[in-house]
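1. Sharing a sequence plus its predicted fold:
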Amino acid sequence: MSKDSGQEDLNSVIRQHSEWLAAQLHAQRESLFPPDAHKSMRKFTSGEAAALLGINDSYLRKLHLDGKGPSPELTAGNRRLYSAQDIQDLRQLLEKTARKPGDYLPGRRPGDHLQIIGVMNFKGGSGKTTTSAHLAQRLALKGYRVLAIDLDPQASMTALHGVQPEFDLLDGGTLYDAIRYDDPAPIRSVIRKTYIPNLDLIPGNLELMEFEHETPRALSQGNAGLFFFRVREALAQVDDDYDVVVIDCPPQLGFLTMSALSAATGVLVTIHPEMLDVMSMSQFLRMTADLMDVIAESGADMSHDWMRYLLTRYEPTDAPQNRIVAFLRTMYGDKVLNAPMLKSTAISDAGLTKQTLYEVDRTAFTRSTYDRAIESLNAVNDEIAQLIQKTWGRS
């Protein structure tokens, strides 16, 4: 039987649609971030800067009047605006006269081990990438040295940070380069500085899937070794350079996720409190436990500093969601973070311009909408920061 003349090859259609979409996304980025298509971080008001530093706005004003620290930008209305680098410079200044070490520079001290946080769930829409990106940026703005790793081949966190995989990563540049079996590259060769001080990025793209395809072949040939240590061994090369690593894991339990789990010191599982998502998570947890048993039998130490569940896209007025939240808190207790990430149009609206909520100006939204969303994000991320501090033996 001959093929109907009206039929099309599915692979040709999909490839054409992919190329159209990539070209449009590239054009959008060029229009959003002219002239060189590079993103930059917005300036912070004196109130925002003071809150990030943990001091009063009046004290920040006194520092400015006394000529101490960087000089903020003054607007026509005589308002002070601070760049992210200004805030970091102020941290360095304030730490010199702090009452106790770490008041303004909260990162590692001698003896503290690198915190590697794996953010995971294998169901789409659980807020995994939103969580990873906002956590990495908040920790960096609070003075931690952060490395964000996009281990998801879909590369949404990469795009949020101004890197378009289809155009900017034509010759590699993902973590795959550092964990491949054939001639791995030094991990420093794939680390990029971002427009936020203290935040570096290892971007992702579809090339990461090569690790999923190559590992079974290497295992069958006896060349894989302890493959699940490859991420950990790569990160060991830059252990002294960072306080925290945030890994946005793929939405499936493959070899990349297993490797991230083996490297992680803390695990954050995102949950959208809907029954179908909770049922899906039940299978996810069971399969994760089975895989970790296999890894442990190979001699790996699978102990972690902490594991927590994060409620995402939570709507406090939704009665069925509240019942599921109560069910999860009763079952898992303090393994569920106290702070949920609220569902907010502000977060999705910011995403339209490939930005996080920390990057957009408050004036772009209804004030109450923005404040509600940012307070929710800060509460989540600061609770995770407290877990990090506790792991290092600090209150």
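-> Structure received. Residues are numbered from 1 along each chain as shown.

2. Would you mind measuring from residue 187 to residue 263?
-> According to CB to CB, to the nearest Å, residue 187 and residue 263 sit 12 Å apart. All C-beta spots, glycine's among them, are computed from the backbone N, C-alpha and C.

3. and for those two, which residues touch both?
-> With contacts taken as CB atoms under 8 Å, 6 or more residues apart in numbering, the residues that reach both residue 187 and residue 263 are residue 235.

4. Could you tell me the end-to-end distance of stretch 145-157?
-> This stretch, stretch 145-157, spans 18 Å end to end (CA to CA, to the nearest Å).

5. Run through the stretch 201-350 of the chain and note the low-pLDDT ranges.
-> 222-225 (pLDDT under 70).

6. At which residues are the strands of it located?
-> 244-248, 266-271, 306-311 (DSSP state E, counting those that start in this stretch).

7. Kindly compare burial across the ones you listed and name the winner.
-> strand 244-248 (a mean of 29; mean count of other CB atoms under 10 Å).

8. and residue 171, how many residues sit next to it?
-> 7 (other CB atoms under 10 Å).

9. Tell me the secondary structure of it, please.
-> coil (DSSP: H, G, I helix; E, B strand; the rest coil).

10. mind checking pLDDT for it?
-> Note for residue 171: predicted pLDDT of 79.

11. ok, back up a step: who wins for proximity to residue 334 among the strands of the stretch 201-350 of the chain?
-> Checking the strands of the stretch 201-350 of the chain against residue 334 by CB to CB gives strand 306-311 as the closest, at 8.5 Å.

12. Adding distance to residue 9 as columns, could you present the strands of the stretch 201-350 of the chain in JSON lines?
-> As requested, these are exported to JSON lines (distance: least, CB to CB, whole Å):
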{"stretch": "strand 244-248", "distance to residue 9": "33"}
{"stretch": "strand 266-271", "distance to residue 9": "37"}
{"stretch": "strand 306-311", "distance to residue 9": "42"}
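
13. Go through those and name the closest to residue 291.
-> Among those, strand 266-271 sits nearest to residue 291 (CB to CB), with 13.0 Å.

14. Tell me the helices and strands packed up against that closest one.
-> strand 115-120, helix 128-141, helix 275-297, strand 306-311, helix 367-391 (3 or more CB pairs under 8 Å, 6 or more residues apart in numbering; DSSP states H and E).

15. CA atoms of that strand as CSV?
-> What follows is strand 266-271, C-alpha atoms only, in CSV (Å, rounded to 0.1, in the frame of the first residue of the first chain):
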residue,chain,number,x,y,z
GLY,A,266,21.1,17.0,51.0
VAL,A,267,18.0,15.9,49.0
LEU,A,268,15.0,18.1,48.3
VAL,A,269,11.9,16.4,46.9
THR,A,270,9.3,18.8,45.4
ILE,A,271,5.6,17.8,45.9
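
16. Show me the strands paired with it, marking each as parallel or antiparallel.
-> strand 115-120 (parallel), strand 306-311 (parallel) (DSSP bridges).

17. Including distance to residue 176, could those strands go into CSV?
-> Shown next, in CSV, are the strands paired with strand 266-271 (distance: least, CB to CB, whole Å):
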stretch, distance to residue 176
strand 115-120, 17
strand 306-311, 26
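
18. Make a markdown table from the helices and strands packed on strand 266-271 and add distance to residue 153 to it.
-> Shown next, in a markdown table, are the helices and strands packed on strand 266-271 (distance: least, CB to CB, whole Å):
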| stretch | distance to residue 153 |
| --- | --- |
| strand 115-120 | 14 |
| helix 128-141 | 12 |
| helix 275-297 | 18 |
| strand 306-311 | 23 |
| helix 367-391 | 25 |
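
19. Residue 227 is nearest to which of those?
-> Among the helices and strands packed on strand 266-271, the nearest to residue 227 by CB to CB is helix 275-297 (9.7 Å).

20. Residues touching that closest one, excluding its own?
-> Residues from elsewhere that reach helix 275-297 (CB under 8 Å, 6+ apart): 121-123, 125-126, 228, 253, 258, 261-262, 269, 271, 302, 320, 324, 327-328.

21. Just the ones of these in helices?
-> 258, 261-262, 320, 324, 327-328 (DSSP state H).
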